[in-house]
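**Student:** one predicted model, sequence on top.
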Amino acid sequence: MTAQIAAASTPTVDVQTDVQADFKADFRATFRNSVGTVSVITAGTGLRPVGFTATSLTSVSLDPPIVSFNISRTASSWPTVSTARHLAAHLLATEHQDTAQIFATSGIDRFAAVGDWATGPHGIPVLGRCLARLVLEVHSCTHIGDSAVLLAEVQQIERSEGQPLLYHAGDYRHLPG
């Protein structure tokens, strides 16, 4: 009887949960070590535009010109992005770190905070300050895990010269020189 009581009071350790937690921590640490260019993706029309900072914008195809990016399906921008037909992607320059931080901050009116934006093609919000601006038409959206991967065709490009803003190890970076 004593052995049963001792066994019942011993805390159990879920080894599988610990292994999963360690794996997730390793996964995050691995990708914190990669360098990403910083972009802001915007969507919406009318009175409720949305936008978020992304480091996942990448080219997929030249003919036709297709890009992809990821968004968490728990992000505040997700409901609008998930139904949007058109979006804008803004590649940020080193001097736009404040814009990246604004669009990475939750619980604020990001467009009021950034100030420099207008209504662009298809009624989408476009930022005034950026290294390049792409007007996109959504091609497809695939749910994978807790995120969605969107593929979009580039409809219009505006670009200027400058150095891209980078993100590495949890901080914004600049190219040397």
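**Tutor:** Structure received.

**Student:** dump the residue contacts of the most centrally placed residue in the chain.
**Tutor:** Nearest to the mean C-alpha position of the chain, by CA atoms, centre = their mean, lies A54 at 2.8 Å. Counting by CB atoms under 8 Å, 6 or more residues apart in numbering, A54 makes contact with V38, S39, V40, I41, F69, N70, I71. No exception for glycine: its C-beta is placed from N, CA and C like everyone else's.

**Student:** which of those fall within strands?
**Tutor:** Using DSSP state E to define strands, the subset of those located there is S39, V40, I41, F69, N70, I71.

**Student:** the first one pairs with what?
**Tutor:** Which is S39. Beta-bridge partners recorded for S39 (DSSP bridges): A54, L91.

**Student:** what sits against it?
**Tutor:** Listed by CB under 8 Å, 6+ apart, the contact set of S39 reads T53, A54, T55, L57, F69, A89, H90, L91, L92.

**Student:** who's in contact with the helix ranked longest in the chain?
**Tutor:** If you go by DSSP state H, the chain has its longest helix at helix 15-32. Contact with helix 15-32 is made by H168, A169, G170, as judged by CB under 8 Å, 6+ apart.

**Student:** how much space separates the first one from L175?
**Tutor:** Just to be clear, that refers to H168. Using CB to CB, to the nearest Å, we find H168 at a distance of 11 Å from L175.

**Student:** between those two, which is the more surrounded one?
**Tutor:** H168 (13 against 10; other CB atoms under 10 Å).

**Student:** not counting sequence-adjacent ones, nearest residue to the more buried one?
**Tutor:** Nearest residue to H168, sequence neighbours excluded (CB to CB, 6 or more residues apart in numbering): V35, at 4.6 Å.

**Student:** so who does the one you found touch?
**Tutor:** V35 is in contact with L166, Y167, H168, R173, counting by CB under 8 Å, 6+ apart.

**Student:** skipping its backbone neighbours, what lies nearest the last one in space?
**Tutor:** With sequence-adjacent residues excluded and distances taken as CB to CB, 6+ apart, R173 is closest to L166, at 4.2 Å.

**Student:** show me what contacts the one you found?
**Tutor:** Taking CB under 8 Å, 6+ apart, one finds V35, G36, T37, V38, Y172, R173, H174, L175 in contact with L166.

**Student:** by neighbours, which of those residues wins?
**Tutor:** Highest neighbour count within these, by other CB under 10 Å: V38, with 27 neighbours.
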